[in-house]
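>>> Model the following, please.
(chains A and B)
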Amino acid sequence: GGIITQTPKFLIGQEGQKLTLKCQQNFNHDTMYWYRQDSGKGLRLIYYSITENDLQKGDLSEGYDASREKKSSFSLTVTSAQKNEMAVFLCASSRDWGNQDTQYFGPGTRLLVL
Amino acid sequence: QQKVQQSPESLIVPEGAMTSLNCTFSDSASQYFAWYRQHSGKAPKALMSIFSNGEKEEGRFTIHLNKASLHFSLHIRDSQPSDSALYLCAVRASGSWQLIFGSGTQLTVMP
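Sure thing, here's the model as predicted:
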């Protein structure tokens, strides 16, 4: 088994601020993902990384940057936080991509922008 | 692009009831279908998946898939309060690696 750790659990920011969310996995999985979850909406893909040093944009990448520093870690940056923004950011990993592999999720980072 | 929709948005059932959750998708050539469950404040966790038309049962949980009608469903037999959670369906279209998630059904099982 393995685990995905996300830090911080809660993040309160100011409008216009740059905010960074971190994710670590010990599954030794190749592929990692960042999703955004809003109330009443499904998970929307922001960025994904097929392997170390790879970076691919998802449907919701505008306003975000990402970095796959090493195989086990994947960071997401909100480049300019939007006032009253409130969402949960979920990190996930899977053994492979383009396959039928199960995605394993972390517990999320809850963002609130004042 | 693949569209995935779930119904109902929320559902309250008594303990012991049979619960049915529905998911529709737009691409009949889709190849992978999964259900995830997310307890409040926790990570989504994969429940079951299916690749071809038909039915698959694991314990109290059963998936039905009908590609022609663009519909798949999750049935929970003898629902328990611990089943109370947000249920998300996910579909991977043909020729795509990306999983598209529905918006979820919030299930509450009353003791």
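>>> what's downstream of the helix or strand of chain B with the lowest mean pLDDT, the next helix or strand?
The weakest-scoring helix or strand in chain B, judged by mean pLDDT, DSSP states H and E, is strand B:99-101 (a mean of 91). For strand B:99-101, the following helix or strand on the C-terminal side (DSSP states H and E) is strand B:105-110.
>>> from the chain's centre, how far out does that next one sit?
13 Å (Cα atoms, centre = their mean, to the nearest Å).
>>> Over to stretch A:105-114?
On Cα atoms, centre = their mean, the centre of stretch A:105-114 falls 9 Å from that of its chain.
>>> Identify all contacting residues around that stretch.
Identification of contacts with stretch A:105-114 by Cβ atoms under 8 Å, 6 or more residues apart in numbering or on different chains yields A:4-15, A:17, A:19, A:21, A:23, A:25, A:37, A:78, A:81-92, B:36, B:41-45. Heads up, the C-betas are built off the backbone N, CA and C, glycines and all.
>>> Go through those and flag which are in strands.
A:4-7, A:10-13, A:19, A:21, A:23, A:25, A:37, A:78, A:86-92, B:36, B:45 (DSSP state E).
>>> Look up which residues are beta-bridged to residue 105.
In the absence of a named chain, chain A is used. According to DSSP bridges, the partner residues bridging residue A:105 are residue A:92.
>>> other chain: chain B
Applying DSSP bridges, one finds that residue B:105 bridges with residue B:87.
>>> how about it, what does it touch?
Contacts of residue B:105 (Cβ under 8 Å, 6+ apart): B:6-11, B:21-22, B:86-87.
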